[in-house]
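what's the 3D shape of this:
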Amino acid sequence: MSGDQSIGDQARGCSYRQDSNGKARKFIGGYDMGRNIPESEPSNSVLPVNTNRHTLNCEPTQSFKIVRNLQTDHSSHYEFGGPLGVTAMMLGFPLLMYYMWAGATFYDGGFPLPKPGQSFIAFLGGFGRQIFMVFQAACNYLLPGVWSCGKPLHYLGGLKLKYYCNGVWSRWVTIVVGSILHHSGLFRLYTLLDEFGPIMSVAVISGFLVAAFAYYSAISRGVQHRMSGCFVYDFFMGAELNPRFGILDLKMFFMLRLPWNILLALSCAVAARQYEIHGYVCAEVWFLIMGHFLYTNACAKGEECTTTTWDIYYEKWGFMLIFWNLAGVPFSYCHTILYTANHLSDITEWPHPSSRTPCLVLLFTSYLIVYWIWDTAGSQKNNFRAQELGTFVARKSFPQLPWRTLQNPKFIKTATGDSILVDGWYRYARKIHYTCDIYFAVTWAVLSGFRSPFPWFYPMFFTSMIIHRAYRDIKRCKAKYRESWVEYERVVPWLFVPYIF
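The predicted structure follows:
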């Protein structure tokens with residue numbers, strides 16, 4: 001090894017170690033590079049497919065300059081309203097969650113307000129899961145799964161991290177264990193409803209504690225990225241990009257294993273409570289179970305597809321992702337479930353009784369059609385990315401729907417080397433999967449009617465959040481892809497709904 005190479009490697013944080021055969025192997029940031037990074041960029045005219053299920057090549061596919069910006073980024077701009085905005089979100093959202101739960105549980109779905117003659121102090125005085133996380137983490141370590149690669153990371157010299165994905169096994173084991181606990185009487189599922197307030201308290205406190213640990217741990221180890229220099233804002237957005245415990249990727253774990261499994265458990269708890277009291281489970285409750293089951297199942301069967309998504313690749317692990325997945329999603333998106341649980345005797349009493357059956361048929365049918373679009377749209381985009389990276393592996397997890405993988409898809413090649421898919425569902429609208437997400441949220445709220453405002457929080461909040469996210473993505477992509485993005489908007493002019501918007 002030449003002296004120049006040693007100096008360059010030291011500057012990039014490289015080291016060389018001998019393997020069991022006495023050969024030198026290169027390590028960058030503790031990761032085994034395996035071989036030298038190729039100097040020439042391979043042709044992208046053909047999308048390679050990895051036909052070997054057991055071998056994944058996650059080494060760099062092109063030359064990357066290692067970039068780790070540990071200094072304050074003065075060129076960046078604040079998002080989410082800056083320090084004041086993120087402070088309001090961190091403090092205000094937990095309070096809003098408690099307020100809606102109190103209204104749903106103690107005020108018959110109405111706004112919690114002081115009763116006539118009740119003082120404000122007395123009114124405030126009336127507001128009075130760690131095992132699940134450990135169990136899910138154990139499933140991640142112990143159950144069978146597949147490996148998938150993420151996108152090339154510049155700060156690791158183009159290395160693509162490996163992700164262990166066994167969401168399907170974990171979900172079914174969770175369902176079986178939950179069923180055994182309920183039917184044996186060791187833990188009745190509707191305990192989640194009876195103890196909702198305390199459980200939410202644990203989730204909220206845990207969100208703050210985990211976020212604090214994640215932030216200070218990243219700072220102490222010097223692995224922070226893209227810091228603004230403002231403590232509150234950096235705490236909200238996060239410091240570390242790829243936090244891991246062995247094969248457990250914390251961002252993917254918190255995003256996929258916790259929130260939607262909790263929502264599915266809550267909807268099943270409503271069914272268990274209704275069956276025990278009334279001896280049947282009504283169609284409205286079955287609709288909620290179907291919706292949450294399909295969403296949870298999609299997260300599990302397509303877990304390996306998420307490794308190249310924006311949240312995994314770019315977003316840092318901070319309060320935003322930690323609190324939102326640990327507490328925000330499961331305990332604020334659930335108010336149709338809570339309303340149904342508190343109105344089991346009259347949830348089937350529609351204002352116009354004759355409209356109940358046809359409306360439910362329409363809801364079930366339309367939901368399944370929109371789910372097919374949403375599921376296959378996500379599969380098309382993620383399988384396209386995997387094909388480009390040469391990491392695509394065909395899966396058989398139920399259900400594998402028609403038109404999930406495109407053959408010879410059309411795409412726009414950008415000056416950065418990235419590709420923008422303009423085929424399949426994405427030739428009709430650039431964010432068509434967001435439209436499906438909004439439809440899901442609205443249909444869940446429809447079941448509760450308009451007797452309570454809280455079930456409508458999810459569709460209203462989610463719609464505003466997803467629109468903000470879409471325009472945030474557009475702004476970033478316009479700056480990154482320039483002329484290619486202009487061409488993309490010309491080829492696919494519709495954002496959410498084809499021929500409308």
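
so how far is the longest helix along the chain off the chain centroid?
Scanning the chain for the longest helix, with DSSP state H as the assignment, gives helix 356-389. How far helix 356-389 lies from its chain's middle: 17 Å, per Cα atoms, centre = their mean, to the nearest Å.

what number of residues lie near R356?
R356 has 15 neighbours, counted by other Cβ atoms under 10 Å. (C-beta placed from N, C-alpha, C; glycine too.)

which residues touch it?
T348, W350 (Cβ atoms under 8 Å, 6 or more residues apart in numbering).

A strand includes I420, no?
Yes - I420: assigned to a strand according to DSSP: H, G, I helix; E, B strand; the rest coil.

got a pLDDT number for the closest residue to it other than its chain neighbours?
Nearest residue to I420 in three dimensions, chain neighbours excluded: I412, at 4.4 Å (Cβ to Cβ, 6 or more residues apart in numbering). We have a pLDDT of 94 for I412.

which element is I412 on?
Per DSSP states H and E: I412 is located in strand 411-413.

off-centre distance for that strand?
How far strand 411-413 lies from its chain's middle: 26 Å, per Cα atoms, centre = their mean.

also stretch 204-224?
19 Å.

report the buried residues of that stretch.
V204, S206, G207, F208, V210, A211, A214, Y215, A218, V223, Q224 (16 or more other Cβ atoms under 10 Å).

contacting residues for the fifth one?
Same thing as V210. I322, L326.

now with 10 Å, please.
Neighbour list for V210: M133, L250, F254, W317, F319, I322, F323, L326, A327 [criterion: Cβ atoms under 10 Å, 6 or more residues apart in numbering].

ok, and the closest non-adjacent residue to the second one?
If the residues on either side of it in the chain are set aside, L250 comes closest to P243, at 4.5 Å by Cβ to Cβ, 6+ apart.

report the separation between the one you found and E79.
21 Å (Cβ to Cβ, to the nearest Å).

between these two, which is the more surrounded one?
P243 (21 against 16).

can you give me the strands for the protein?
14-18, 24-28, 31-32, 146-149, 162-165, 244-245, 248-249, 411-413, 419-421 (DSSP state E).

M465 - how many residues pack around it?
That count, for M465 with other Cβ under 10 Å as the rule, works out to 11.

give the contact list for it.
W324.

can you count the residues close to Y471?
Other residues close to Y471 by other Cβ under 10 Å number 12.

where in the chain is pLDDT low?
For the chain, the stretches with pLDDT under 70 are 1-76, 118-130.

residues contacting the residue nearest to I420?
Per Cβ under 10 Å, 6+ apart, neighbours of I412: D418, S419, I420, L421, V422, Y481, S484, W485, E487, Y488, V491, V492.

buried ones among those residues?
If we count by 16+ other Cβ under 10 Å, the contacts of I412 have these buried: D418, S419, I420, L421, V422, Y481, S484, W485, Y488, V492.

ok so, going back, in CSV, list the contacts of I412 along with distance to R188.
As requested, the contacts of I412 are arranged in CSV below (distance: Cβ to Cβ, whole Å):
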residue, distance to R188
D418, 50
S419, 51
I420, 50
L421, 46
V422, 51
Y481, 53
S484, 56
W485, 53
E487, 57
Y488, 52
V491, 54
V492, 50
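
so which of these comes closest to H182?
Using Cβ to Cβ, L421 comes nearest to H182 of these, at 43.1 Å.

could you pull up the residues touching that closest one?
Per Cβ under 10 Å, 6+ apart, neighbours of L421: 380-381, 383-385, 388, 406, 409-412, 427, 430, 488, 492.

make it 6 Å
K381, F384, F411 (Cβ atoms under 6 Å, 6 or more residues apart in numbering).

pull the number of nearby residues for the first one.
To tie it back to what came earlier, the one meant is K381. K381 has 21 neighbouring residues, counting by other Cβ under 10 Å.

the closest residue to it other than its chain neighbours bridge partners, please.
Nearest non-adjacent residue to K381, counting by Cβ to Cβ, 6+ apart: L421, 5.7 Å away. Assessed by DSSP bridges, L421 has beta-bridge partners F411.

could you report the separation of L421 from E388?
From L421 over to E388 (counting by Cβ to Cβ), the distance is 10 Å.

then P243?
Distance from P243 to E388, by Cβ to Cβ: 26 Å.

L113 too?
55 Å.

those two - which one has more neighbours?
Higher neighbour count among L113 and E388: E388, with 21 against 10, using other Cβ under 10 Å.

run a quick neighbour tally on the residue lying closest to T336 once chain neighbours are set aside.
Computed as Cβ to Cβ, 6+ apart, the closest residue to T336 that is not its neighbour in sequence is P455, at 4.2 Å. Neighbour count of P455, defined by other Cβ under 10 Å: 27.

and P455, what does it touch?
P455 neighbours (Cβ under 6 Å, 6+ apart): H335, T336, Y339, A445, S448.

now tabulate those in JSON lines and tack on neighbour count.
Output for the contacts of P455, formatted as JSON lines (neighbours: other Cβ atoms under 10 Å):
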{"residue": "H335", "neighbour count": "25"}
{"residue": "T336", "neighbour count": "29"}
{"residue": "Y339", "neighbour count": "24"}
{"residue": "A445", "neighbour count": "22"}
{"residue": "S448", "neighbour count": "23"}
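
now those in a markdown table, with distance to S267?
Listed next are the contacts of P455 as a markdown table, based on distance: Cβ to Cβ, whole Å:
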| residue | distance to S267 |
| --- | --- |
| H335 | 12 |
| T336 | 9 |
| Y339 | 12 |
| A445 | 14 |
| S448 | 13 |
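
need the max-distance pair from those.
Y339 and A445 (9.3 Å).

for I438, grab the count of nearby residues.
16.

equivalent analysis for V370, please.
Using other Cβ under 10 Å: V370 sits among 17 other residues.

surely it is in contact with I438?
No - counting by Cβ atoms under 6 Å, V370 stays clear of I438, with 9.8 Å between them.

so the residue nearest the centre of the chain versus R171, what's the distance?
When Cα atoms, centre = their mean is applied to the chain, the residue found nearest the centroid is M255 (4.1 Å). Counting by Cβ to Cβ, the gap from M255 to R171 is 14 Å.
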